[in-house]
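Chemist: Dropping a prediction and its sequence here:
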Amino acid sequence: MLTKLVENILSGKDFSAIALNENPKKDSDSLFREAMVKLCVLGLPLQIFDPYSLPAKELPEKKSALSVRLSGTNYVSDATRNDFENAQPAIGAISAGFFRLLRDKGVSVDFAAGHSFLLKLMK
């Protein structure tokens with residue numbers, strides 16, 4: 001109502017009138033904040049219009065799907081890599097030995113899970 005009165009009085013002049021209560025059914029806090037944003041858009045240097053507001057939370061940095069965080073879990077030393085390479089054939093040899101031992105004792109299997117070389121032994 002007052003905004004319309006100001007518009008009528010100042011018609012023909014360069015001005016901006018912003019109502020703080022343009023809709024009685026809306027929340028007054030929301031209306032006030034909308035009015036403050038409109039004033040900021042017009043160029044008024046309003047910085048802190050709510051001294052009771054919570055500080056803004058910092059958003060976590062969005063990471064690219066292609067980026068990989070390097071840490072100790074990503075690193076495998078040459079010695080560890082050699083141990084893995086040597087351990088796999090050893091595990092295979094032990095597994096094959098147990099499989100043959102059980103087969104020779106009359107144990108038969110309908111299903112086996114594990115390394116792919118066991119499939120060759122079962123045939």
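Modeler: It's in. Numbers count the residues shown, from 1 in each chain.

Chemist: what residue lies at the spatial centre of this structure?
Modeler: With distances taken as C-alpha atoms, centre = their mean, the residue of the chain nearest its centroid is residue 62 (7.1 Å).

Chemist: tell me the SS of it?
Modeler: coil (DSSP: H, G, I helix; E, B strand; the rest coil).

Chemist: Can you tell me how far it is from residue 70?
Modeler: 19 Å (C-beta to C-beta, to the nearest Å). In this view, the C-beta of every residue, glycine as well, is placed from N, C-alpha and C.

Chemist: for residue 28, same thing?
Modeler: 52 Å.

Chemist: Comparing the two, which residue is more hemmed in?
Modeler: Between residue 28 and residue 70, counted using other C-beta atoms under 10 Å, the more crowded position is residue 28 (11 against 8).

Chemist: next one: phi and psi at residue 69?
Modeler: phi -80, psi 120 (degrees, to the nearest 10).

Chemist: what's around it, how many residues?
Modeler: Using other C-beta under 10 Å, residue 69 has 7 other residues around it.

Chemist: Relative to residue 40, how far out is it?
Modeler: In terms of C-beta to C-beta, residue 69 sits 39 Å off from residue 40.

Chemist: before we move on, the earlier item: kindly provide the distance from the residue nearest to the centre of the chain to residue 74.
Modeler: Taking C-beta to C-beta, one finds residue 62 at 21 Å from residue 74.

Chemist: do the same with residue 54
Modeler: Distance from residue 54 to residue 74, by C-beta to C-beta: 38 Å.

Chemist: next one: residue 64
Modeler: Noted for residue 64: a distance of 16 Å to residue 74, by C-beta to C-beta.

Chemist: likewise residue 81?
Modeler: Here the criterion is C-beta to C-beta. By it, residue 81 lies 13 Å from residue 74.
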